[in-house]
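Peer 1: Starting from these lines, generate the structure:
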Amino acid sequence: MAERFDAVVLGMGPGGEVAASRLISGGKRVAVVEKELIGGECAYWACIPSKTLLRPPEVRGEARRAFGTGVPELEMEAIFDYRDYMIRNLDDAAQVEGYERQGATVVKGAGKIVGPGKVEVNGETIEAGHIVVATGSAPNVPPVEGLDEVTVWTNREVTTSREVPRRALIVGGGPNGIEAAQWLSRFGSEVTIVQSADRLIDREDPRVGELIRGALEEEGIRVLTGRKAARARRDGEGAVVELDDGAEVGTDVVVIAAGRRPRTEGLGLETVGIEPDGGAIPVDDRCRAAEGVWAIGDATGVALFTHVAKYQGRVAADNILGRERRADYRGIPRVVFSDPEIAACGLTEEQARREGMATATATLDLSRAIARPYTYEEDPRGTLSLVADRKRGVLVGAWAVAPLAGEWIHEAALAIRAEVPIEKLLDSVAQFPTYSEAYLYCLERLDL
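Peer 2: Here you go, the predicted structure:
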C-alpha cells in the first residue's frame with residue numbers, strides 16, 4: 001500500500017526547500033523527492049559558487065580602483081577551498097538529516113507523476129493530496145557541430161573546477177556568461193565571449209549592454225556580438241571554434257552559458273492533464289498547474305531566478321495551507337554580479353511602450369551628480385536610468401550599472417511594486433553619501 005502524505009515536493013532546490021519548509025511549519029505531513037542534492041543547482045553549481053568565485057577578484061579590482069591602497073594577491077587554492085566549503089563539498093547529508101529531523105520523509109531518486117495525487121520514485125508510489133513540482137532547469141546547449149569532440153563546460157564544471165584554463169571561449173553573453181567571463185579573466189584566463197544577439201545581456205536596455213561591454217573589454221576580455229559558434233574541432237591539447245562568419249577562435253575550454261530551459265521532460269505531466277508550453281509548466285497566479293498540482297521556480301518559465309522560485313514557493317505553500325495568496329511579478333530585481341554590477345527591475349522603456357504607456361525616462365551619470373562614487377573609487381563609474389508612466393505618475397522600470405547596484409536597486413523595485421507616487425519619492429530623504437542618493441537627482445530629471 002502506498003504511503004500517504006499531505007504534500008510531496010518534486011525537486012529540492014531553493015523553491016522546493018521554501019515550499020517544503022513552509023508546509024512542514026504549517027503542520028503538513030510532507031515527502032520531499034530529490035534525484036541529486038538537496039539545495040539544488042543554486043546551492044552547488046550556480047548562484048552560491050559563482051558569487052563566491054567572483055568576490056576575491058572583485059576585492060582585488062576594488063583595491064586597484066581605490067586610492068592609496070596596495071593590491072592583494074589571489075591565493076587560488078584558498079579560494080577554491082572556500083568555494084568547496086560554500087558548496088558543502090557537494091554533500092547534502094546535513095540537509096537530509098535536517099529535513100528528517102523536522103519530520104519530513106526524504107526520498108532520493110527521480111520522481112514521476114503517475115496520476116492524480118500519485119508520484120512514483122524508485123519503483124515505489126507516494127500518494128499525496130498536493131504535488132509541488134520544483135524540478136528547476138537545465139543548460140541550453142546550442143547545436144554546434146563537433147562540440148562533443150572538445151572540452152565543454154556548463155555552469156556545473158565552470159563553478160566547481162579547481163583548474164583555470166589558459167583560454168576560455170564562452171558561448172552566451174547573458175548574466176552567466178558575463179559573470180564567468182569576468183572571474184575567469186581575473187584568474188588569468190584569456191577569455192572570449194561569443195554572443196548571438198547584437199549586444200550583451202540583450203533582454204535589458206541597450207545602454208546596459210554597451211556599458212558592461214566597455215568594462216569587460218577594458219579588462220582584456222574579447223567580446224564578439226552578432227556571432228554564433230558554428231563548428232568546433234580538436235587542435236592539439238586545445239580546440240578551435242569556427243564562428244558563423246568564418247572567423248576562428250582558439251580555446252582550451254568551451255563554456256556553455258546560452259541560457260537555461262525548464263526541466264520538465266519525463267515528469268508524467270500528461271497523467272494529470274498538464275501540457276507544457278515551450279517546455280514550461282503553465283501556472284495561474286496562485287502557482288497552480290492543475291487540480292492538486294502546483295509548480296514553482298524555473299520549471300514554470302516565469303522568471304528563472306532563485307528569488308522568484310523562493311517567492312513562488314511561499315505563494316504555493318500558502319495556498320495549500322488555505323491562505324489565499326496570488327503572485328505579483330512587478331518589480332522583480334534582476335542582478336548580474338559583475339564589476340560593476342548590473343541591476344534592473346520592472347520594464348525597459350521599449351517594453352513599457354509596447355504595453356501602450358506614455359513614458360518618461362531619465363538617465364544619470366553618477367559621477368556628475370553625487371559624492372559617493374568619489375569616496376568609493378578614484379576613477380568613478382556608474383549610471384542609473386528610470387522609466388516612468390506619465391499617466392499614473394509612477395515608476396515602471398529602472399536599471400543601473402554601478403558598484404553595489406544589486407544592493408540599492410531594491411528602492412526602485414519596491415517603488416514599482418507598491419506603485420509609490422513619484423511625488424512621494426521626490427520627498428524622500430536618502431543617507432549622504434550613498435549611491436541611493438542618485439534616485440532623487442534622476443527622478444528630478446523625469447519630464448512628467
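
Peer 1: most residues in a single helix of the protein, which one?
Peer 2: Ranked by residue count under DSSP state H, the longest helix found in the chain is helix 47-65.

Peer 1: Kindly spell out which helices and strands sit in contact with the next helix or strand after that one.
Peer 2: Of the helices and strands lying after helix 47-65 in sequence (DSSP states H and E), the nearest is helix 76-86. With contacts taken as 3 or more Cβ pairs under 8 Å, 6 or more residues apart in numbering; DSSP states H and E, helix 76-86 sits against helix 47-65. Where you see a C-beta, it was placed from the backbone N, CA and C, and this is true even at glycine.

Peer 1: quick revisit: kindly export the longest helix of the chain (C-alpha atoms) in PDB.
Peer 2: Backbone C-alpha positions of helix 47-65 (Å, rounded to 0.1, in the frame of the first residue of the first chain) are rendered in PDB as follows:
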ATOM      1  CA  CYS A  47      24.500  31.200  -7.500                       C
ATOM      2  CA  ILE A  48      26.500  30.300  -4.500                       C
ATOM      3  CA  PRO A  49      29.700  29.100  -6.100                       C
ATOM      4  CA  SER A  50      29.700  31.700  -8.800                       C
ATOM      5  CA  LYS A  51      29.300  34.600  -6.400                       C
ATOM      6  CA  THR A  52      31.900  33.100  -4.100                       C
ATOM      7  CA  LEU A  53      34.300  32.900  -7.000                       C
ATOM      8  CA  LEU A  54      33.500  36.500  -8.100                       C
ATOM      9  CA  ARG A  55      34.300  38.100  -4.700                       C
ATOM     10  CA  PRO A  56      38.100  37.600  -4.300                       C
ATOM     11  CA  PRO A  57      39.000  39.100  -7.700                       C
ATOM     12  CA  GLU A  58      36.400  41.800  -7.100                       C
ATOM     13  CA  VAL A  59      38.200  42.800  -3.900                       C
ATOM     14  CA  ARG A  60      41.400  42.900  -6.000                       C
ATOM     15  CA  GLY A  61      39.700  45.100  -8.600                       C
ATOM     16  CA  GLU A  62      38.300  47.400  -5.900                       C
ATOM     17  CA  ALA A  63      41.800  47.800  -4.500                       C
ATOM     18  CA  ARG A  64      43.200  48.700  -7.900                       C
ATOM     19  CA  ARG A  65      40.500  51.400  -8.300                       C
END
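
Peer 1: Buried residues, it. List them.
Peer 2: 47-54, 56-58, 60-62, 65 (16 or more other Cβ atoms under 10 Å).

Peer 1: again with stretch 131-147
Peer 2: For stretch 131-147, a neighbour-count test (16+ other Cβ under 10 Å) marks 131-139, 144, 146-147 as buried.

Peer 1: From residue 418, how far out is residue 443?
Peer 2: 15 Å (Cβ to Cβ, to the nearest Å).

Peer 1: Comparing those two, which shows the higher neighbour count?
Peer 2: residue 443 (20 against 12; other Cβ atoms under 10 Å).

Peer 1: Does that one fall in a helix, a strand, or a coil region?
Peer 2: Secondary structure, DSSP: H, G, I helix; E, B strand; the rest coil: residue 443 is helix.

Peer 1: what sits against it?
Peer 2: Residues near residue 443 by Cβ atoms under 8 Å, 6 or more residues apart in numbering: 362, 386, 422, 425-426.

Peer 1: Many thanks, have a good one.
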